[in-house]
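A.B. asks: Build the 3D model from these lines:
(chains A and B)
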Amino acid sequence: MTSRIVKASPPRFPRKWRQYLSAYLFILPYFLFMLAFGIGPGLYAFLISFAKFKMGIPQYFAAGLNNYIGVFKDYRFLFTIGNILKFLVVSVPLGIALVVLIALLLHMRPGRFASILRTVYFIPGAVTGPALLLLAIFMFSPAMSPFGPLLRAMGYPSFDSLIAPARLPVIFTVIGFFSGAGMWIVIQYGALQGVSTEVLEAAKIDGCNAWQQALYIKFPLIRPYIIYQFILIFAGNVQLFVEPQLMGTTWIAANVPQQWSPNQLAYSFAFDIGNFGMAAAMSLLMLIVGLGAAYFVIRWTGFFDIKA
Amino acid sequence: MNTRVWKFAGGLAVVLVLTACSSAATPMVVTQMVGGTPQVITVTTAPTENPYDESAPITVWIDQDRQPYIDAYKKANPDKAGLINEVIVDREQLPAKVLLFNNTGQGWPDVVFAEPRLVARVSDAAHQFPLDLKPWIPAETLNNYDGMANCTFGDAVYCVRNDLAQFVLYYDKPLMDKFGYAVPTTWEEYQALSDKVAAEHPGYLLGTLGDGWSWLSFFDASSCPSHLVVNESDLKINMADPNCARAAKMVDHMIANKTLWNTDYFDATFVQQMNDNKVLMVSMASWAWGVFNGTYYTTADHQVGVAAPLKWASEPAAVNMAMGGAAWTVSSHTKNPKLATELIVWLTTSPDLWSTIPNWPAYKPNQSLFQTQVSSNAIFANDPFPAMQAAAGQLGPLDVWPRFDLISPLTQVVKGAYQDNKTMEEVLPQVADMFTPLAQTEGYNVITQ
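C.D. replies: Presented below is the predicted three-dimensional model:
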């Protein structure tokens, strides 16, 4: 016979679930949005990357690996990958170095002046996408730009003479820095605020000057935030699209190749030749690049083990 | 990470894949046996299976300038006004949007105002957008339009022309008289004049070369086969053709003697040259006179002379090109082709409408209305109508565009040449390098002979 001992009725949720319920609830809104706008489209892209397209209509699993092969064999594939690599090499280290430098400088001299400057740095971030590019066109047009004399001194008498394929990585870096740096300066400044004043005072008593404090105390302590910035900036910059796309339109007609970045090539696959499968394959390749870079940086730095 | 979290995420991913599949399995999708294996195929209504409905409303895509056209139609046909839904769009998006509509199986506009180059792009195998108009518009009407070569694709007629944008030679009559110059009639005379201007009146200009359009104004006029559509599958690209070199040598000569400006027609710096009366002549589209009223260029009364396009001395007649010149096309997905085709015929033929439009009418019987309009206009120093009419009849085979954009690549070549201090002759091979893979991507067989 089975034991007649009646167990207390089990709780409706396992104890561990209950214990973590509030945490799950807190991440739920983010998770839903990530599903709808991140994971969902990603899975859909994975699905259609094996689809053949006829009249823009998918025939699922009819293409096999042909879309991936088509992407690799496209005459612009290596060109766009090369361009984005050049852009990443210029934009990521330069962006991080300048942001950290400015944040450290601001933190050396706290007070009203620094907080005003912090706000000033933040303002360009409010201008986004196409409007930002319009602003950039004015800034790069010697006839209209406040930097006109500088541009002319550098040997660029006109917008057309400045915008050339070889200079695009630097030009897009400048545009990207002024739109994105403000936010990161505020974040790194916030990280610096979190550095314990006792540590800084101890350093001061031990004879550290402001620069030594910045270099040997503050900088190592905000390292996790720098890694975080690297991951996000890298993932963002890999997807460069708006700047080259708009500069190449008939209306602006700068000397920018029609498909300069990999994302533009994906767009062209979809909307010039109607092959959404190749576009999905190309997008997934860029996703792998972004995720791969993040993975290696996390492994290499032991990001999740660092105690901020 | 906690294994439980991974399981949770894995479970969600499975759910998501299932929902993605099931949401794709709407009534539009069927599974068919193809070669013994099941294949999922999405079905759209084939154009011929459309249940036509003469009371179905239609959506018309236009730009801001075409809104008065539609308003005029609604006023003239109050019984149809309620059926017409007009939407102002950027028509450059048409090819991309058509693909999205094909993908979702709905949303196509019924009537679109667009250049034939855009119609060409939506008529390929990936888009299959336009309706063949031949069953819907009587042949005697279709025969009355100029420029229909650009609307004819194989046996099908995919659009009717709204206007032609044939190039003519605009010149500054008082300035030419003051300097004692005669208006050239050949490219050779044009180049010879440039030497005279450079020597006698340095700083004065005979045109501009700074973007794709202005490049075409010289090279298409020289019959340089940079994009010659032979038929739907063959495209001839041969930049080694002597016709390319002769045009390149001429413009290089004029860039060197500083009688050509280096921007597009509407760049602020060229507009400044125009308004400073530094431009003796410039080839531009027939609609350009409409922007001489201060929209771009300001001109005094009786300042603008209009001459026929220049020709090469060895050839019997000029070979002309166009900058724009739009058309109306109808969707093959429309529920109401009768109303859609009635509308586009009215919009292109109505005498009341066309007595006020500044564009050259493609519908031949309306060209006299255009004549009435321009012949009495005070900005002209001579009657521009004969020159424009001659120019309209000289549109060459290169005015028919292939299924890809010519302007952006050409603009890159031209601007790159200036940046690298190269001559236009030196960069001719770049044009072929740009166009050839684009053409192949679009499914053309590229030939050189």
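
A.B. asks: residues contacting B:Phe129?
C.D. replies: By C-beta atoms under 8 Å, 6 or more residues apart in numbering or on different chains, B:Phe129 lies in contact with B:Val98, B:Trp108, B:Val122, B:Ser123, B:Thr329, B:Ser331, B:Ser332, B:His333. C-beta here means a position set from N, CA and C on the backbone, and glycine is covered the same way.

A.B. asks: Surely the last one touches B:Gly105?
C.D. replies: Right, the one you point to is B:His333. No: counting by C-beta atoms under 8 Å, B:His333 sits too far from B:Gly105 to count as a contact (9.2 Å).

A.B. asks: Specify which residue of those two has the higher count of neighbours.
C.D. replies: Set side by side, B:His333 and B:Gly105 show more neighbours around B:His333, with 23 against 18, by other C-beta atoms under 10 Å in any protein chain shown.

A.B. asks: Which helix or strand contains that one?
C.D. replies: Using DSSP states H and E, B:His333 sits within no helix or strand.

A.B. asks: Quickly note the distance from it to B:Thr186.
C.D. replies: 49 Å (C-beta to C-beta, to the nearest Å).

A.B. asks: now swap in B:Phe167 and tell me
C.D. replies: In terms of C-beta to C-beta, B:Phe167 sits 15 Å off from B:Thr186.

A.B. asks: higher neighbour count, these two?
C.D. replies: Of the pair B:Phe167 and B:Thr186, B:Phe167 is the one with more neighbours under other C-beta under 10 Å, namely 29 against 15.

A.B. asks: near chain A, anything from stretch B:62-79?
C.D. replies: No: shown here: stretch B:62-79 not in contact with chain A (C-beta under 8 Å from any C-beta of the partner chain), separated by at least 13.7 Å.

A.B. asks: Is residue 175 in a helix, a strand, or coil?
C.D. replies: In the absence of a named chain, this looks at chain A. With DSSP: H, G, I helix; E, B strand; the rest coil as the basis, A:Ile175 sits in helix.

A.B. asks: oops, chain B please
C.D. replies: helix.

A.B. asks: For whatever helix or strand A:Ser22 lives in, buried residues please.
C.D. replies: According to DSSP H and E, A:Ser22 maps onto helix A:15-34. For helix A:15-34, the neighbour count (16 or more other C-beta atoms under 10 Å in any protein chain shown) marks A:Phe31 as buried.

A.B. asks: same deal with stretch B:319-338?
C.D. replies: Quick answer for stretch B:319-338 (16+ other C-beta under 10 Å): B:319-337.

A.B. asks: what separates A:Arg15 from chain B, distance-wise?
C.D. replies: A:Arg15 sits 13 Å away from chain B, going by C-beta to the nearest C-beta, to the nearest Å.

A.B. asks: from what I can see B:Trp287 touches B:Ile357, true?
C.D. replies: No: B:Trp287 lies out of contact with B:Ile357 (C-beta under 8 Å); the separation is 9.5 Å.

A.B. asks: joint contacts of these two?
C.D. replies: By C-beta under 8 Å, 6+ apart, the residues touching both B:Trp287 and B:Ile357 are B:Asp163.

A.B. asks: okay, the contacts of B:Phe129 in a markdown table with pLDDT next?
C.D. replies: A markdown table is the format used below for these (pLDDT from 0 to 100):
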| residue | pLDDT |
| --- | --- |
| B:Val98 | 93 |
| B:Trp108 | 96 |
| B:Val122 | 93 |
| B:Ser123 | 90 |
| B:Thr329 | 98 |
| B:Ser331 | 97 |
| B:Ser332 | 95 |
| B:His333 | 95 |
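
A.B. asks: which stretches of the chain have low pLDDT?
C.D. replies: Using chain A. Scanning chain A with the threshold set as pLDDT under 70 gives A:1-14, A:306-308.

A.B. asks: other chain: chain B
C.D. replies: Ranges of chain B meeting pLDDT under 70: B:1-50.

A.B. asks: centroid residue for it?
C.D. replies: Geometric centre of chain B, nearest residue: B:Gly324, 3.7 Å, by C-alpha atoms, centre = their mean.

A.B. asks: Please name the spatially closest residue to the most centrally placed residue in chain A (chain neighbours excluded).
C.D. replies: Central residue of chain A (C-alpha atoms, centre = their mean): A:Gly236, 2.2 Å from the mean position. Distance criterion C-beta to C-beta, 6 or more residues apart in numbering or on different chains; nearest residue to A:Gly236, sequence neighbours excluded, is A:Gly180 at 7.6 Å.

A.B. asks: Report how many residues lie close to A:Leu104.
C.D. replies: 20.

A.B. asks: So A:Val289 versus A:Phe269, what's the distance?
C.D. replies: 17 Å.

A.B. asks: Which one of the two is surrounded by more residues?
C.D. replies: Higher neighbour count among A:Val289 and A:Phe269: A:Phe269, with 27 against 19, using other C-beta under 10 Å.

A.B. asks: give me the element that one is part of.
C.D. replies: helix A:262-271.

A.B. asks: next one: that helix to chain centre, how far?
C.D. replies: The chain centroid and the centroid of helix A:262-271 are separated by 19 Å under C-alpha atoms, centre = their mean, to the nearest Å.

A.B. asks: Would you mind pulling the contact partners of it?
C.D. replies: A:71, A:74, A:76-77, A:80-81, A:84, A:238-241, A:244-245, A:258-259, A:275-276, A:278-280, A:282-283, A:285-286, B:95-96, B:99.
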